[in-house]
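> Please work out how this folds:
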Amino acid sequence: MKIEVRKFGEILTSRTEGREAYLVSRAYLKPARDDEPIELDFGGVKVLTPSWADEFISGLRAEYGKRLVCLPSSNPTVIATLEIVG
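Numbering: from 1, shown residues only. You can find the predicted model right below:
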(Lines give C-alpha, C1' and ligand atoms only; values in the text may rest on other atoms or scores of the structure.)
Protein backbone atom coordinates (compact mmCIF):
# COMPACT_ATOMS: atom_id res chain seq x y z
CA MET A 1 0.00 0.00 0.00
CA LYS A 2 1.39 3.39 -0.98
CA ILE A 3 0.75 6.63 0.91
CA GLU A 4 1.32 9.77 -1.15
CA VAL A 5 2.58 12.14 1.53
CA ARG A 6 1.98 15.24 -0.65
CA LYS A 7 -1.74 14.76 -0.01
CA PHE A 8 -1.03 16.30 3.40
CA GLY A 9 0.58 19.34 1.75
CA GLU A 10 3.70 20.44 -0.08
CA ILE A 11 5.24 22.16 2.95
CA LEU A 12 5.17 19.91 6.02
CA THR A 13 6.59 21.69 9.05
CA SER A 14 4.47 21.50 12.17
CA ARG A 15 4.59 18.73 14.76
CA THR A 16 0.84 19.20 15.33
CA GLU A 17 0.11 18.81 11.61
CA GLY A 18 2.31 15.71 11.48
CA ARG A 19 0.31 14.17 14.30
CA GLU A 20 -2.96 15.02 12.56
CA ALA A 21 -1.66 13.51 9.30
CA TYR A 22 -0.76 10.32 11.15
CA LEU A 23 -4.22 10.07 12.70
CA VAL A 24 -5.92 10.67 9.34
CA SER A 25 -3.77 8.11 7.56
CA ARG A 26 -4.34 5.60 10.34
CA ALA A 27 -8.09 5.97 9.98
CA TYR A 28 -7.97 5.18 6.26
CA LEU A 29 -5.01 2.80 6.13
CA LYS A 30 -6.28 -0.71 5.63
CA PRO A 31 -3.55 -2.97 4.18
CA ALA A 32 -4.93 -5.89 2.19
CA ARG A 33 -2.60 -8.37 3.89
CA ASP A 34 -0.79 -8.47 7.22
CA ASP A 35 2.58 -8.64 5.44
CA GLU A 36 1.88 -5.91 2.85
CA PRO A 37 4.51 -3.13 2.95
CA ILE A 38 3.41 0.41 3.72
CA GLU A 39 5.30 2.69 1.31
CA LEU A 40 5.68 6.42 1.94
CA ASP A 41 6.04 8.36 -1.31
CA PHE A 42 7.40 11.88 -0.78
CA GLY A 43 7.08 12.91 -4.45
CA GLY A 44 5.70 16.45 -4.69
CA VAL A 45 6.73 17.42 -1.15
CA LYS A 46 8.78 20.63 -1.24
CA VAL A 47 9.69 20.96 2.45
CA LEU A 48 9.75 18.29 5.14
CA THR A 49 10.91 19.07 8.67
CA PRO A 50 12.03 16.62 11.34
CA SER A 51 9.19 17.59 13.69
CA TRP A 52 6.45 16.79 11.14
CA ALA A 53 8.18 13.59 10.03
CA ASP A 54 8.81 12.47 13.60
CA GLU A 55 5.12 12.61 14.47
CA PHE A 56 3.96 11.03 11.22
CA ILE A 57 6.60 8.37 10.65
CA SER A 58 7.08 7.41 14.31
CA GLY A 59 3.37 6.80 14.69
CA LEU A 60 3.21 4.61 11.61
CA ARG A 61 6.44 2.82 12.55
CA ALA A 62 5.05 1.98 16.00
CA GLU A 63 2.04 0.39 14.34
CA TYR A 64 3.61 -1.28 11.29
CA GLY A 65 7.27 -1.76 12.26
CA LYS A 66 9.59 -2.93 9.50
CA ARG A 67 6.73 -3.01 7.01
CA LEU A 68 7.01 0.79 6.78
CA VAL A 69 9.25 1.80 3.86
CA CYS A 70 10.22 5.33 2.77
CA LEU A 71 10.60 5.43 -1.00
CA PRO A 72 13.69 7.20 -2.39
CA SER A 73 13.49 10.94 -2.96
CA SER A 74 15.70 13.50 -4.70
CA ASN A 75 14.48 16.36 -2.47
CA PRO A 76 17.28 17.51 -0.13
CA THR A 77 14.92 18.38 2.75
CA VAL A 78 13.27 14.98 2.54
CA ILE A 79 16.64 13.19 2.41
CA ALA A 80 18.06 15.12 5.37
CA THR A 81 14.91 14.73 7.45
CA LEU A 82 14.69 10.99 6.85
CA GLU A 83 18.32 10.64 7.92
CA ILE A 84 17.52 12.48 11.16
CA VAL A 85 14.29 10.63 11.89
CA GLY A 86 15.81 7.29 10.91
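
> now the helices: where do they sit in this structure?
15-28, 50-64, 76-85 (DSSP state H).

> possible to save these as TSV with distance to F8, mean neighbour count and mean pLDDT?
Every C-beta, even on glycine, is put in place using the N, C-alpha and C of the backbone. Shown next, in TSV, are these (distance: least, C-beta to C-beta, whole Å; neighbours: other C-beta atoms under 10 Å; pLDDT from 0 to 100):
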stretch	distance to F8	mean neighbour count	mean pLDDT
helix 15-28	4	15	93
helix 50-64	8	19	94
helix 76-85	13	16	94
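
> nearest to E39, of those?
Of all those, helix 50-64 sits nearest to E39, with 10.8 Å by C-beta to C-beta.

> Now do the closest one against helix 76-85, angle only.
60 degrees (axes from the mean of the first three to the mean of the last three C-alpha atoms, to 10 degrees).

> Now do helix 50-64: distance to the chain's middle.
Its chain's average C-alpha position is 7 Å from that of helix 50-64, according to C-alpha atoms, centre = their mean, to the nearest Å.

> which residues sit against stretch 26-44?
For stretch 26-44, contacts defined as C-beta atoms under 8 Å, 6 or more residues apart in numbering pick out 1-6, 10, 48, 57, 59-60, 63-64, 67-71, 73, 75, 78.

> possible to save the helices of the chain as a markdown table with distance to D34?
Shown next, in a markdown table, are the helices of the chain (distance: least, C-beta to C-beta, whole Å):
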| stretch | distance to D34 |
| --- | --- |
| helix 15-28 | 16 |
| helix 50-64 | 10 |
| helix 76-85 | 25 |
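
> Can you tell me which of the contacts of stretch 26-44 are buried?
3, 5, 48, 57, 59-60, 64, 67-68, 70, 73, 75, 78 (16 or more other C-beta atoms under 10 Å).

> Do you know the pLDDT at G9?
Listed pLDDT for G9 reads 96.

> typed the wrong thing, it's D34
Looking at D34, the pLDDT reads 79.

> Report how many residues lie close to it.
6 (other C-beta atoms under 10 Å).

> I79: what's it in contact with?
S73.
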